[in-house]
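K.L.:
My questions are about this predicted structure, shown below with the sequence.
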Amino acid sequence: MSNITPKEKHDHQILKFPKGFLWGAATSAYQVEGNNTNSDWGDKAGLACDQYNRYESDFDLISQLNHNSHRLSIEWSRIEPQMGVFDTSEIEHYKKVLKALNDRNIKVMLTLWHFTLPKWVADLGGWENGKTVKLFEKFVKRVAPEFAEYVDMWITLNEPGVYVYEVYITKKWPPQKRGFLGQVRTTLNLASAHKKVYKYLHELSSKKPVGIAQNVQSLEAYHKHSLVEQLAVIVSDIISNHLFYYLTKKTHDFLGINYYFHVKFKTPENKLLPEIADPSSQSRNVSDLGWEIFPEGLFDVLADLSDGIPIYITECGIASTNDDRRNRFLITYLQEVFRAIQSGINVQGFFYWSLIDNFEWEKGFDPRFGLIEVNYATQERRIRPSALVYTDIIQHNGIPHSLLRFIGHTVTTEEVLEKRYQEITHL
Ligand code: BGC
């Protein structure tokens, strides 16, 4: 006779994550705050989610959803609207914001730069100008001592590679530049800014881990035996996934990974060089933005980047108005994180992108990434059922069997959350 207790039996049916695992969601200041008019993005986001004023009630929702951590950023252009002029009321505002998370027992991962620059920095040439490294360092030296007591982990820069790509290659983001040299200079300046700020934050407190959030991609050759496609994979892997870590090596207490993309290189007939295949034209499973849903890729990038230091998935999420797809997304992506941990990869946290629907840069407000839906006309919030699937996972510190049963099917909220479904109305 087996002497397994009912509790043990129950626990065996859960894909358990390590004790102390960080569960949360991420946002960035410009995308959610509203009335941010002093940056190089101007007033494009308008009122956004008005989180500048609604942070208390938004953080109450985080608590109700049982997240134990949250990733957010501060807006440089608010705090230093002119060179050397620091607005102390904005510093006080952010202290209140951070304290509001502390008061709710939510660990804080604070990003110091998430894509936007004060207008005056942009006028000086932005990151292409070496001076910006010094200006950013000065900014951090002024604000970090003010915020340090409320912060658990620092992210210096968000996705330097994506920034360079959107500014210089797609030219969709300000300052819409061109030129190879500019790209190189910007990349090197961002790397130098990270290294300087890393060193400074360690002087401030050696105990608070510092890292970056890097966009990494799962890369593949469409034809396994195509040499050019394999070469494209290698070159891309170096540039997109490893270059920035290499330029800043030994200045990471953890690896922050943002995972969204599975890229397949395919050589069109009658052509010599491969191109990135469009997933939507290949009947691959895609989000509302046409980005492929490919959970296995998360395992691949974790395995590719792992070198023993802690890894946090600082962003991972899906733009979809179909919330059943978000349920399935959460379960299948987190199952890959579980698999990675089982294989010895040191993953210590997961931050879903995003807590709430928000301003998706040049794509505006249509993409819906949120666990919480925002009605932009009224600023009302509605907790999406998928947020409760995530909460179910958080409360078990793992993926319960009841959720795993649905992998391979469409995961509808009613099926998955039978018992918790009524709770939606109580939140
Ligand atoms: C960025 C976010 C963005 C998200 C979804 C990441 O590249 O850090 O600002 O909203 O992806 O596109």
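P.N.:
That came through fine.
K.L.:
Tell me the confidence at residue 415?
P.N.:
Looking at residue 415, its pLDDT is 62.
K.L.:
before we move on, what about residue 393?
P.N.:
At residue 393, the model reports a pLDDT of 95.
K.L.:
tell me which residues in stretch 166-179 are buried?
P.N.:
Neighbour counts over stretch 166-179 (16 or more other Cβ atoms under 10 Å) mark 166-168, 173-175, 177 as buried. Quick note: C-beta positions are derived from backbone N, CA and C, even for glycine.
K.L.:
From the residues you listed, pick the one nearest the ligand.
P.N.:
Ranked by distance to the ligand (Cβ to the nearest ligand atom), the buried residues of stretch 166-179 are led by residue 166 at 9.0 Å.
K.L.:
Name the residues of this structure found near the ligand, please.
P.N.:
By the rule Cβ under 6 Å from any ligand atom, the part of the chain lying against the ligand is 28, 31, 158-159, 162, 215, 258, 315, 353, 360.
K.L.:
Show me the two of the buried residues of stretch 166-179 that sit farthest apart.
P.N.:
Farthest-apart pair in the buried residues of stretch 166-179 is 168 and 174; separation 11.7 Å (Cβ to Cβ).
K.L.:
which non-adjacent residue is nearest the residue of the stretch 1-150 of the chain found nearest the ligand?
P.N.:
Residue nearest to the ligand within the stretch 1-150 of the chain: residue 28 (5.2 Å; Cβ to the nearest ligand atom). Nearest residue to residue 28, sequence neighbours excluded (Cβ to Cβ, 6 or more residues apart in numbering): residue 114, at 3.8 Å.
K.L.:
so what's the one you found up against?
P.N.:
Residues near residue 114 by Cβ atoms under 8 Å, 6 or more residues apart in numbering: 28-31, 73, 158.
K.L.:
So, low pLDDT: which residues of the chain?
P.N.:
1-2, 7-12, 283, 406-427 (pLDDT under 70).
K.L.:
Please enumerate the strands of it.
P.N.:
Counting by DSSP state E, the chain has these strands, from start to end: 14-16, 22-26, 69-73, 107-113, 153-158, 210-221, 255-266, 275-276, 311-316, 347-353, 372-375, 380-383, 398-400.
K.L.:
Distance from the chain centre to the second one, please.
P.N.:
This means strand 22-26. How far strand 22-26 lies from its chain's middle: 9 Å, per Cα atoms, centre = their mean, to the nearest Å.
K.L.:
quick one: strands adjacent to that strand?
P.N.:
Partners of strand 22-26 in the sheet, by DSSP bridges, are strand 69-73 (parallel), strand 347-353 (parallel).
K.L.:
quick one: contacts of that strand?
P.N.:
Contacts to strand 22-26, defined as Cβ under 8 Å, 6+ apart, come from residues 62, 66-72, 106-107, 109, 312, 314-315, 348-355, 371, 390, 393-394, 397.
K.L.:
for the strands paired with strand 22-26, which one sits closest to residue 252?
P.N.:
Evaluated over the strands paired with strand 22-26, closeness to residue 252 peaks at strand 347-353, with 13.5 Å, by Cβ to Cβ.
K.L.:
Now do that closest one against strand 153-158, angle only.
P.N.:
Relative orientation of strand 347-353 versus strand 153-158 (axes from the mean of the first three to the mean of the last three Cα atoms, to 10 degrees): 60 degrees.
K.L.:
Show me the contact partners of strand 347-353.
P.N.:
18, 20-26, 69-71, 109, 254, 258, 302, 310-317, 330, 334, 337, 340-341, 369, 371, 390.
K.L.:
Show me what the residue nearest to the spatial centre of the chain is bridged to.
P.N.:
Nearest residue to the geometric centre of the chain (Cα atoms, centre = their mean): residue 315, 2.3 Å. Taking DSSP bridges as the rule, residue 315 bridges to residue 258.
K.L.:
Spatially nearest residue to residue 221 (excluding sequence neighbours)?
P.N.:
Once flanking residues are discounted, residue 221 sits nearest to residue 229: 3.6 Å by Cβ to Cβ, 6+ apart.
K.L.:
surely the residue of the stretch 1-150 of the chain closest to the ligand meets residue 51?
P.N.:
No - with contacts defined as Cβ atoms under 8 Å, residue 28 does not count as touching residue 51, sitting 10.5 Å away.
K.L.:
re earlier: I'd like the distance between the residue nearest to residue 28 and residue 125.
P.N.:
Note on residue 114: its distance to residue 125, by Cβ to Cβ, to the nearest Å, is 20 Å.
K.L.:
Kindly report the same for residue 285.
P.N.:
For residue 285 relative to residue 125 (Cβ to Cβ), the value is 42 Å.
K.L.:
Tell me which of those two has more neighbours.
P.N.:
Neighbours per residue (other Cβ atoms under 10 Å) separate residue 285 from residue 125, with residue 125 holding more: 17 against 11.
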